[in-house]
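S.K.: okay, sequence plus prediction incoming.
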Amino acid sequence: MRAMARSPTTDAISQTQAAGSRRAPDAKSLVMTVIGQMVDDGEAEWSRTATGEIELRLLTGEVFVLGEMFVTRVE
């Protein structure tokens, strides 16, 4: 499965965490970090849809659309 490059948002979150930021990350940042790790580990792939949302496909077959404020399971 081919993985999309990590997004600038996910990279920025990782850099902030690596720098030892004392501010606690919000839930969205934590979820995006874990999803980025899944993509990096080859367990999932993600891509942009025509509407600009992120489509996440897991190796197990589930497909999700990651909106700005929601996650929808498609398959």
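M.R.: Perfect, thanks for sending it.

S.K.: residues near residue 57, how many?
M.R.: As a burial measure, residue 57 scores 18 neighbours (other Cβ atoms under 10 Å). (Glycine included, C-beta is placed from N, CA and C.)

S.K.: quick one, what contacts it?
M.R.: The neighbourhood of residue 57, defined by Cβ atoms under 8 Å, 6 or more residues apart in numbering, consists of 1, 44-46, 63.

S.K.: out of the residues you listed, which end up buried?
M.R.: The neighbour-count test (16 or more other Cβ atoms under 10 Å) marks 44-46 as buried among these.

S.K.: adding distance to residue 56, secondary structure and pLDDT, write those out as JSON lines.
M.R.: Conversion of the buried ones among the contacts of residue 57 to JSON lines gives the following (distance: Cβ to Cβ, whole Å; DSSP: H, G, I helix; E, B strand; the rest coil; pLDDT from 0 to 100):
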{"residue": "44", "distance to residue 56": "6", "secondary structure": "strand", "pLDDT": "97"}
{"residue": "45", "distance to residue 56": "8", "secondary structure": "strand", "pLDDT": "97"}
{"residue": "46", "distance to residue 56": "5", "secondary structure": "strand", "pLDDT": "94"}
